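J.: For reference, the sequence and a predicted model appear below.
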Amino acid sequence: MQLCDVFLRLGQDGFGQLVRSVSIGKLKTFQLYEGFKASAHLTKLNTETLRKSAPRFWTRLEQREEEFAKDLGQVILVSHIDMIVSVLDFLCIPHEAGFFNKNVDARPYLTEGWQDRVYEKFRGVYPEPLVLFYINHLDWELSGATEPYVPAAAKGGPGN
């Protein structure tokens with residue numbers, strides 16, 4: 001699975017919600033502002049240009065621009081570091097303010113059914129596309145998942 005797959009699985013509406021939720025202030029705090037502006041092919045980066053660029057970003061994801069997907073994923077995640085901290089705490093994964101220590105292997109903390117537990121716990125707290133994106137990003141980053149996670153309810157229930 002690639003990050004492009006994760007974004008595309010959310011659909012254009014879910015993707016648009018993620019793009020609209022990017023925090024320009026957090027991009028500057030985490031020193032991602034200039035790098036993402038270049039990666040996104042934008043001369044100006046603000047909430048309006050992000051919103052207007054969402055259709056172009058979607059096309060780039062459809063064209064399988066994985067490096068862009070990684071950059072965009074990082075921008076979305078740092079914009080929601082509070083959610084990341086909450087999810088990692090919930091999973092009891094050691095971290096430093098939402099970031100993994102380079103010496104920590106977090107895979108053992110992803111026990112059977114962790115995606116469903118995280119989805120059920122956080123889908124009412126944070127926007128569903130954001131929760132699904134982070135579950136899939138974590139799965140991609142740590143487990144090398146081959147398919148994006150889809151909640152059981154969206155699959156038609158257990159056994160489907």
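T.: Looks like it arrived, so ask away. Residues are numbered from 1 along each chain as shown.

J.: ok, the closest residue to Gly35 other than its chain neighbours to His41 distance?
T.: In space, and not counting its chain neighbours, Gly35 is closest to Asp71: 7.2 Å by Cβ to Cβ, 6 or more residues apart in numbering. Where C-beta positions appear, they are placed from N, C-alpha and C, glycine not excepted. For Asp71, the distance to His41 (Cβ to Cβ, to the nearest Å) stands at 11 Å.

J.: Mind checking which of these two has more residues around it?
T.: Asp71 (18 against 11; other Cβ atoms under 10 Å).

J.: show me what contacts that one?
T.: The contact partners of Asp71, by Cβ atoms under 8 Å, 6 or more residues apart in numbering, come to 35-36, 39-40.

J.: And Pro148, by the same measure?
T.: Shown in contact with Pro148 (Cβ under 8 Å, 6+ apart): 1, 5-6, 9, 136.

J.: Tell me the one of those residues nearest Ile24?
T.: Among the contacts of Pro148, Val6 lies closest to Ile24 (Cβ to Cβ), at 22.9 Å.

J.: Any stretches of this structure with poor pLDDT?
T.: Low-confidence segments of the chain (pLDDT under 70): 153-160.

J.: Who are the packing partners of the longest helix along the chain?
T.: Across the chain, the longest stretch assigned as helix under DSSP state H is helix 47-62. Counting contacts by 3 or more Cβ pairs under 8 Å, 6 or more residues apart in numbering; DSSP states H and E, helix 47-62 packs against helix 3-9, helix 11-20, helix 66-78.

J.: Can I get the longest one as PDB, trimmed to CA atoms?
T.: As requested, C-alpha coordinates have been extracted for helix 66-78 and formatted as PDB (Å, rounded to 0.1, in the frame of the first residue of the first chain):
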ATOM      1  CA  GLU A  66       4.000   9.200  -3.700                       C
ATOM      2  CA  GLU A  67       6.600  11.700  -2.600                       C
ATOM      3  CA  PHE A  68       4.000  14.400  -2.700                       C
ATOM      4  CA  ALA A  69       1.600  12.100  -0.700                       C
ATOM      5  CA  LYS A  70       4.300  11.700   1.900                       C
ATOM      6  CA  ASP A  71       4.800  15.500   2.200                       C
ATOM      7  CA  LEU A  72       1.100  16.100   2.300                       C
ATOM      8  CA  GLY A  73       0.700  13.400   4.900                       C
ATOM      9  CA  GLN A  74       3.300  14.900   7.200                       C
ATOM     10  CA  VAL A  75       1.600  18.300   6.900                       C
ATOM     11  CA  ILE A  76      -1.700  16.900   7.800                       C
ATOM     12  CA  LEU A  77      -0.300  15.000  10.800                       C
ATOM     13  CA  VAL A  78       1.600  17.900  12.300                       C
END
